[in-house]
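Undergrad: Give me coordinates for this.
(chains A and B, ligands or ions: 3)
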Amino acid sequence: MLETDTRRDSIVESLLARGVTRRRFLEFCAATTAILALPVTYEARIAEALETAEKPTLVWLEFQDCAGNSESFLRARDPGVADIVLDILSVDYHETIMAAAGHQAEAAREEAIARGGHIVVVEGSVPTAHGGVYCTIGGKTAQQILAETVQGAAAVINTGTCSAYGGIPAAAPNPTGAVGVPELVSGVPVVNLPGCPMNVDNLTATIVHYLTFGALPATDGVGRPLFAYGERIHDHCERRAHFDAGQFALEWGDEGHRKGWCLYKMGCKGPSTFHNCPSQRWNGGTSWPIGAGHGCVGCSEPFFWDTMTPIYGRLPAPPGFGVTTSLEKIGAGIVGLTALGFGAHGVAKAVQRKRGGDAVQTPVEIDRSALRTGSDEEGGER
Amino acid sequence: MTTTPRERAEAAAREDPLQVVATAGCVTVRVWQLPVRVIHWTIFSSVVVLSLTGFYIGTPYLSVGSDPRFVMGWARAAHNLAAFVFIAAIVARIIWAFTGNKWSRWDQFVPISKARRQNAWAGFRYYTFLTRTPPPGAGHNALAGATYLVVLAMFVVQIFTGMALLGLEAGGAPSALFGWVFAVLPIPWVRFVHHLIMWTTWGFVVHHVYSAVLMDTEEKTGLISSIFTGWKRLPADRL
Ligand code: HEM
Ligand code: HEM
Ligand code: SF4
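TA: Ligands and ions are numbered 1, 2, ... in the order given. Next comes the predicted model:
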């Protein structure tokens, strides 16, 4: 299918040809309208757009990645929807799933670039250290391939935290000099769909948005579409009522954990993470990490591997004290040492005072001397 | 023209009998005006509430059993409420630093004049046992003033990080005004800093109360009661 599909026909035509019913198609439009957080009235507009739109050509680049986003991509809700997803897009190049190999594969990419107006999906970060030798395909570095492929592209969609922000390859000490795609691309609209991996529902919704409105969706300060990353996990979490009530799991497998209480004390990063996991969920809406009893690791936040760790600790470890020292201990230490230090100071001051010397005259002494001499002039003349 | 300290004190007392009383070689001066005292204790009480609730938010030591009590909900609500009292008090104190009497003005905190720097040096010599003589002055000494400036800086960071964290849950104005904080510091580190400053604040309070007791026993000016009543009794040459 992948490299033979060179006809540029409309999405609906090809869906019908593949046995996807109209009813299924409309269901998909309704679900996507919901993901995009658009009013229901947009359903018809989306359906219309998909009926008339030409299938966009999609070039999927994989650099320093784990193919997790490709996995996610292929795991769209159910077979019917998977068909729609694959059919909305004409995937002209995708190393993992394309039939072509070698020069033939590269030719498919070059053809797509030559036609222009394609959508580039990137998975994985781009190494920049040492001339980019850490990731080369067909003798070209990832950086070269990226620069070539975005030429004439309509949009770049970064799937996963690695292509968006550098992700795990860019974690300290970042030996390959990995960076995210936005740092290397200019002049083409870019949108980030971070996550480890991204949720395919958000990818389809982004593309449907593009086909319907002719533009990428509105984004937040770090380039993520607001429809998918505008709300915090903590604020839509099914365990939130337990958080507010003060009911926490304190150990894996304890009573609270078995009862589904809040995972805050187990290091859940839901309070620091923006993603629509609680509502969209994973694997066709089956479950999601917190639903399955594990805290959020904050994977859709920039540099999560360096900033959201330790995974099982609520706050970062105090630098220079080793990972087992909590901020609470350091804090209590600060107060304790201050008390000790000034306690010692007080003792030393008392000793110094005992020894006497050139202290300032106090009002008490002035009063006494005024009483003794019966005059009130002395204090003023010191 | 007034020449001796005693004459100067008497002149001041004649000019403003409600603020200055001159007696045998001494003056009793209302150093801290009412707003300074009210603000001081408002800050202190809000910091107590913020610390108790903030400590619980950070380290929920109470995990209530099957009978939920909305503990975290109340802790966070109280924290947010106290936060706005705290912010109001800090803003009020900053305004007062430009409108209040000479002992509460901004130049008592920022040692820009040569005299204040000398006073700070004298304070340093006193604290490091190089002299027994505490630095002269009627308000707080220049070293204490500089310490309060550091505390103000900590509080400003606390307000910015706190408002940014509030923006995470509330969106709206806090998010629009303070969202940029997360471009400087990732969210978990903002929490870390906010939490750490709670502890450094209490480190300051330990030092602050100790110094107040130390100076009061040294100078016997009624320093500790001054932050309640406003009045300090000083040798006349201190005015
Ligand atoms: C001296 C003043 C303050 C102290 C001692 C204090 C203390 C704390 C502490 C210890 C935490 C827990 C942090 C963590 O471990 O995650 C916290 C959280 C928080 N504080 Fe403060 N705070 C102060 C002022 C403020 C101010 C001015 C605001 C502004 C609105 C604020 C808003 C917040 C918010 C929104 C949270 C996060 C609550 C959550 O994650 O649910 N705080 N505070
Ligand atoms: C968070 C806690 C506190 C903060 C931030 C704080 C801050 C300050 C500041 C800024 C001043 C200078 C007065 C002004 O110009 O506003 C001051 C004075 C003073 N405070 Fe506090 N204070 C705190 C707690 C306390 C406590 C618990 C005591 C209890 C004894 C205390 C006793 C005093 C005294 C005696 C003075 C007058 C000192 C002087 O002349 O320098 N303070 N404080
Ligand atoms: S499990 Fe995590 S996201 Fe859910 S309420 Fe608790 S802290 Fe928030």
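Undergrad: all contacts plus neighbour counts: C-alpha atoms, from now on.
TA: Noted.
Undergrad: Quick check, the residue in the stretch 51-200 of chain A closest to chain B?
TA: Using CA to the nearest CA, the single residue of the stretch 51-200 of chain A nearest to chain B is residue A:165, 13.3 Å away.
Undergrad: That residue is in contact with residue A:178, isn't it?
TA: No: Residue A:165 is beyond contact range of residue A:178, at 9.0 Å (criterion: CA atoms under 8 Å).
Undergrad: So for those two, which residue has more residues nearby?
TA: residue A:165 (29 against 25; other CA atoms under 10 Å in any protein chain shown).
Undergrad: what residues are up against the more buried one?
TA: Residue A:165 sits next to A:125, A:179, A:180, A:181, A:182, A:302, A:303 when contact means CA atoms under 8 Å, 6 or more residues apart in numbering or on different chains.
Undergrad: now do 6 Å
TA: By CA atoms under 6 Å, 6 or more residues apart in numbering or on different chains, the residues touching residue A:165 are A:180, A:302.
Undergrad: Please enumerate the strands of the chain.
TA: Let's take chain A. Counting by DSSP state E, the segments of chain A that form strands are A:57-62, A:90-94, A:119-123, A:126-127, A:136-137, A:140-141, A:155-159, A:178-179, A:190-193.
Undergrad: Can you look at chain B instead?
TA: Counting by DSSP E, the strands of chain B are B:20-23, B:26-30, B:231-235.
Undergrad: list the helices and strands the shortest one packs on?
TA: Counting contacts by 3 or more CA pairs under 6 Å, 6 or more residues apart in numbering or on different chains; DSSP states H and E, strand B:20-23 packs against helix B:5-15, strand B:26-30.
Undergrad: Do me a favour and average the pLDDT over it.
TA: The average of the pLDDT scores along strand B:20-23 is 79.
Undergrad: Given it, what are its sheet partners and their directions?
TA: strand B:26-30 (antiparallel) (DSSP bridges).
Undergrad: now the partner strand against helix B:5-15, angle please.
TA: Between the axes of strand B:26-30 and helix B:5-15, defined by axes from the mean of the first three to the mean of the last three CA atoms, to 10 degrees, the angle is 40 degrees.
Undergrad: From the chain's centroid, how far away is strand B:26-30?
TA: 23 Å (CA atoms, centre = their mean, to the nearest Å).
Undergrad: what about it, average pLDDT?
TA: According to the model, strand B:26-30 has a mean pLDDT of 87.
Undergrad: try stretch A:61-71
TA: Across stretch A:61-71, the per-residue pLDDT values average to 92.
Undergrad: Go through that stretch and flag the buried ones.
TA: A:61, A:62, A:63, A:64, A:65, A:67, A:68, A:69, A:70 (16 or more other CA atoms under 10 Å in any protein chain shown).
Undergrad: Distance to residue A:313 for those residues - can I get that in JSON lines?
TA: Below are the buried residues of stretch A:61-71 laid out as JSON lines (distance: CA to CA, whole Å):
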{"residue": "A:61", "distance to residue A:313": "35"}
{"residue": "A:62", "distance to residue A:313": "32"}
{"residue": "A:63", "distance to residue A:313": "31"}
{"residue": "A:64", "distance to residue A:313": "28"}
{"residue": "A:65", "distance to residue A:313": "26"}
{"residue": "A:67", "distance to residue A:313": "28"}
{"residue": "A:68", "distance to residue A:313": "25"}
{"residue": "A:69", "distance to residue A:313": "27"}
{"residue": "A:70", "distance to residue A:313": "30"}
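Undergrad: near chain B, which of those residues show up?
TA: Residues of the buried residues of stretch A:61-71 in contact with chain B (CA under 6 Å from any CA of the partner chain): none.
Undergrad: for chain B, which spans come out with low pLDDT?
TA: The model of chain B has pLDDT under 70 over residues B:1-2, B:66, B:68.
Undergrad: touching ligand 3 at all, the lengthiest helix in it?
TA: What stands out as the longest helix in chain B, according to DSSP state H, is helix B:187-219. No: residues of helix B:187-219 are not located near ligand 3 by CA under 6 Å from any ligand atom, the shortest gap being 13.1 Å.
Undergrad: Please point out which parts of that helix sit buried.
TA: B:187-207, B:210-211, B:213-215, B:218-219.
Undergrad: Is stretch A:316-332 in proximity to chain B?
TA: Yes: contact between stretch A:316-332 and chain B, assessed by CA under 6 Å from any CA, occurs at residue A:331.
Undergrad: what does that stretch rub up against?
TA: residue B:199.
Undergrad: what's around residue A:359, how many residues?
TA: Residue A:359: 13 neighbours (other CA under 10 Å).
Undergrad: With residue B:14 instead?
TA: Residue B:14: 14 neighbours (other CA under 10 Å).
Undergrad: Residues of chain B that sit close to ligand 1?
TA: Proximity of chain B to ligand 1, by CA under 6 Å from any ligand atom, involves residues B:47, B:50-51, B:54-55, B:57-58, B:80, B:83, B:87, B:158-159, B:162-163, B:165-166, B:191, B:194-195, B:198.
Undergrad: separation between the residue of the stretch 51-200 of chain A closest to chain B and residue A:47?
TA: Using CA to CA, to the nearest Å, residue A:165 is found at 33 Å from residue A:47.
Undergrad: any weak-confidence spans in chain A?
TA: In chain A (pLDDT under 70), the answer is A:1-10, A:76-88, A:371-382.
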